[in-house]
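Engineer: Attaching a predicted model along with its sequence, questions to come.
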Amino acid sequence: MSDWQPSATIERLTQRAALFAYIRHFFQQLNVLEVDTPVMSQCAVSDPFIDSFELDYSPVVGGDTQKYYLQTSPEYAMKRLLAAGSGAIYQMGKVFRNGECGRRHNPEFTMLEWYQPGYDDQQLMDEVEALVQPVLGLTSIERVTYSDLFMRYLRFRPEQAELAELVAETKKHVDIELEDDDPDTWLNLLLSHVIEPQLVHVDAIFVTDYPASQAALAKVRLNGTGEQVAARFELFIKGVELANGYHELTDHQEQARRLQADQAQRGSLGLPQRPLDDRLVDALAAGLPDCAGVALGVDRLLMLASDASSIAEVIPFDHTRA
């Protein structure tokens with residue numbers, strides 16, 4: 001095939017258009033407002049494991065430039081809208097992540113993100129399930145805690161394991177030379193390299209109650225056994241991570257602390273120090289409503305629905321043809 005041609009067939013692009021229409025109708029029926037926030041921002045994501053594209057903006061051609069970043073998620077801007085009184089909102093649009101390409105990744109991809117004031121993560125899972133069930137032909141989606149998932153596939157509970165045990169267990173399964181005293185490093189390796197490959201045999205599963213140390217931008221709460229856990233879930237379809245949702249953090253001081261902790265971790269890993277979005281902290285200080293939010297990969301959803309083998313097969317032009 002010549003490289004001027006699309007990477008997806010016209011039939012798949014027709015399916016893509018139908019999926020977009022279905023998603024918009026779904027939210028219209030729920031009276032959720034569609035928004036479109038800027039793709040360029042003066043600030044970058046704080047997550048050390050997501051890399052932003054940088055670009056130089058000049059108000060006059062050839063003049064002084066200002067650094068901007070292509071957004072990896074519309075989350076920060078959407079939370080500013082929520083704090084301004086938008087009510088329930090959703091956005092479906094392009095986001096950009098550097099260093100991510102492969103069968104399930106394209107550096108430019110379409111993300112669906114939405115927020116429901118008054119919801120917690122359990123209620124939002126119900127809504128995610130309602131959205132994806134007709135698309136994927138699912139009858140139900142299992143829900144299992146992070147701790148129970150590790151017990152099911154690795155026969156131990158992560159909250160009860162010592163660091164040395166996590167290291168030893170990882171090296172039993174993964175050929176890796178690594179020194180790291182952060183338990184989450186080893187838990188992430190076990191999840192991605194040992195557990196997720198076994199989830200290909202599971203049609204659909206929500207993983208809930210992540211360790212509190214992996215809360216990202218989610219609230220932390222006590223579970224039924226008194227352990228602190230993140231009010232967070234991920235949806236896996238046949239081993240493919242499709243969605244990541246939170247009962248959103250609303251404490252502006254804790255938000256500022258987590259942004260600074262991310263920045264410190266970026267420094268310890270030798271990653272660039274990029275501007276943090278203090279406007280997000282200001283929005284939370286002004287009053288982010290209690291809400292739950294989720295991000296879902298639309299291209300991956302279409303991959304799964306159409307039984308495509310790669311993301312290139314469901315987007316008009318993958319990055320090699322862009």
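Structural biologist: Yes, it's here.

Engineer: Enumerate every residue touching Phe233.
Structural biologist: Contacts here follow C-beta atoms under 8 Å, 6 or more residues apart in numbering; on that basis Phe233 touches Asp121, Leu124, Met125, Phe206, Val207, Thr208, Tyr210, Ala243, Asn244, Gly245. Backbone N, C-alpha and C define where each C-beta goes, glycine included.

Engineer: Dump those residues to JSON lines, plus pLDDT and secondary structure.
Structural biologist: JSON lines is the format used below for the contacts of Phe233 (pLDDT from 0 to 100; DSSP: H, G, I helix; E, B strand; the rest coil):
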{"residue": "Asp121", "pLDDT": "97", "secondary structure": "helix"}
{"residue": "Leu124", "pLDDT": "98", "secondary structure": "helix"}
{"residue": "Met125", "pLDDT": "98", "secondary structure": "helix"}
{"residue": "Phe206", "pLDDT": "98", "secondary structure": "strand"}
{"residue": "Val207", "pLDDT": "98", "secondary structure": "strand"}
{"residue": "Thr208", "pLDDT": "98", "secondary structure": "strand"}
{"residue": "Tyr210", "pLDDT": "97", "secondary structure": "strand"}
{"residue": "Ala243", "pLDDT": "98", "secondary structure": "strand"}
{"residue": "Asn244", "pLDDT": "98", "secondary structure": "strand"}
{"residue": "Gly245", "pLDDT": "98", "secondary structure": "strand"}
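
Engineer: what about the helices in the stretch 51-200 of the chain?
Structural biologist: 75-83, 121-136, 146-154, 163-173, 183-190, 196-198 (DSSP state H, counting those that start in this stretch).

Engineer: And for the last one, what's in contact with it?
Structural biologist: Judged by C-beta under 8 Å, 6+ apart, the contacts made with helix 196-198 from elsewhere in the structure are Tyr153, Phe236, Gly239, Glu241.

Engineer: Return the closest of these with respect to Leu81.
Structural biologist: Glu241 (26.1 Å; C-beta to C-beta).

Engineer: Any stretches of this protein with poor pLDDT?
Structural biologist: Applying pLDDT under 70 to the chain flags residues 1.

Engineer: Grab the most central residue of it for me.
Structural biologist: Asn244 (4.6 Å; C-alpha atoms, centre = their mean).

Engineer: ok, that one touching Ala292?
Structural biologist: No. Applying C-beta atoms under 8 Å, one finds Asn244 not in contact with Ala292, separated by 11.8 Å.

Engineer: tell me the angle the longest helix along the chain makes with helix 121-136.
Structural biologist: For the chain, the helix reaching the highest residue count under DSSP state H is reported as helix 10-29. Put simply, helix 10-29 runs at 140 degrees to helix 121-136, going by axes from the mean of the first three to the mean of the last three C-alpha atoms, to 10 degrees.

Engineer: ok, residues contacting helix 10-29?
Structural biologist: Here helix 10-29 has contacts from 6, 8, 34, 90, 92, 112, 114, 130-131, 134-135, 298, 301-302, 305-306, 308, 313-316, using C-beta under 8 Å, 6+ apart.

Engineer: Parallel or antiparallel, list what pairs with whatever helix or strand comes next after that helix.
Structural biologist: Going down the chain from helix 10-29, the next helix or strand is strand 33-34, by DSSP states H and E. Note on strand 33-34: by DSSP bridges, its sheet partners are strand 89-96 (parallel).

Engineer: Only the buried residues of the strand it pairs with, if you could.
Structural biologist: Ile89, Tyr90, Gln91, Met92, Gly93, Val95, Phe96 (16 or more other C-beta atoms under 10 Å).

Engineer: can I get the residues you listed in CSV with distance to Ala18?
Structural biologist: As requested, the buried residues of strand 89-96 are exported to CSV (distance: C-beta to C-beta, whole Å):
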residue, distance to Ala18
Ile89, 23
Tyr90, 18
Gln91, 20
Met92, 14
Gly93, 18
Val95, 22
Phe96, 25
